[in-house]
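**Student:** 3D model of this:
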Amino acid sequence: MNEKTEEKIINEVMKRHEEGAEFKVTSVIPEFRDGELAIVSFSTPLGLQETFIYIDGDDTEVYTRTEELVRAAILKRNRSSLMQDFGLDKVLDIGGIAGFIAIIIALTICGSFIQNPSQEVPDVLSNALTVILGFYFGSKVSSNET
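**Tutor:** Numbering: from 1, shown residues only. Sure, this is the predicted structure:
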């Protein structure tokens, strides 16, 4: 962490804790939720205090209690990790949104066929799948030509 970032962090904590003194960044955890987490300690009339600062580029979030930090870490999980948990990052890399929707519709058609093989596929689903696949392959052809 560079001096400019450290100064910015200490200024953020000083704004919220005007009664404090001797502000110091005591620890930095890199790669925390796509950013960094800094722990700032300072003294107050009540004793030594700690505050957590999350830095993501130019954005900073201040957490004065451990419970706030844990809640934010759980609730604000980054999008990429959720997508990785479900394998959506690989699906979207291959086919984008159109490919993802086509997979959902194809699975819906297969599921309905497995549950009731004598029932015809609804026209809405078959037409939607045809349009999406046409769009997907049509966009691939036009992007390869340019």
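**Student:** for the record, mean pLDDT for the top strand by length along the chain?
**Tutor:** Criterion DSSP state E: the longest strand present in the chain is strand 21-32. Strand 21-32 comes out with an average pLDDT of 88.
**Student:** just the CA atoms of that strand, as CSV, please.
**Tutor:** Only the C-alpha atoms of strand 21-32 are listed here, as CSV (Å, rounded to 0.1, in the frame of the first residue of the first chain):
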residue,chain,number,x,y,z
ALA,A,21,-5.2,10.5,18.2
GLU,A,22,-2.2,8.6,17.0
PHE,A,23,-3.9,7.0,13.9
LYS,A,24,-1.9,4.2,12.4
VAL,A,25,-2.5,1.6,9.7
THR,A,26,-1.6,-1.6,11.6
SER,A,27,-2.5,-4.2,9.0
VAL,A,28,-3.5,-4.6,5.4
ILE,A,29,-5.2,-7.6,3.9
PRO,A,30,-4.8,-7.6,0.1
GLU,A,31,-7.3,-9.3,-2.3
PHE,A,32,-10.3,-8.8,0.1
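**Student:** check which residues of that strand are buried.
**Tutor:** 23, 25, 28, 32 (16 or more other CB atoms under 10 Å). All C-beta spots, glycine's among them, are computed from the backbone N, C-alpha and C.
**Student:** quick check: the first one vs Ala38, distance?
**Tutor:** When CB to CB, to the nearest Å is the yardstick, Phe23 and Ala38 sit 11 Å from each other.
**Student:** list phi and psi for the closest residue to Ala73 other than its chain neighbours.
**Tutor:** Once flanking residues are discounted, Ala73 sits nearest to Arg33: 6.4 Å by CB to CB, 6 or more residues apart in numbering. With angles defined as degrees, to the nearest 10, Arg33 sits at phi 50, psi 50.
**Student:** the one 5 residues further on too?
**Tutor:** Ala38 has phi and psi values of phi -110, psi 140 when expressed as degrees, to the nearest 10.
**Student:** so the residue nearest to Ala73 makes contact with Asp56?
**Tutor:** Yes - Arg33 lies in contact with Asp56 (CB atoms under 8 Å); the separation is 7.4 Å.
**Student:** which one of those two is surrounded by more residues?
**Tutor:** Arg33 (16 against 13; other CB atoms under 10 Å).
**Student:** returning to that earlier point: what residues does the longest strand of the chain touch?
**Tutor:** Strand 21-32 has contacts (CB atoms under 8 Å, 6 or more residues apart in numbering) with 1, 6, 9-10, 13-14, 36-44, 50, 54, 73.
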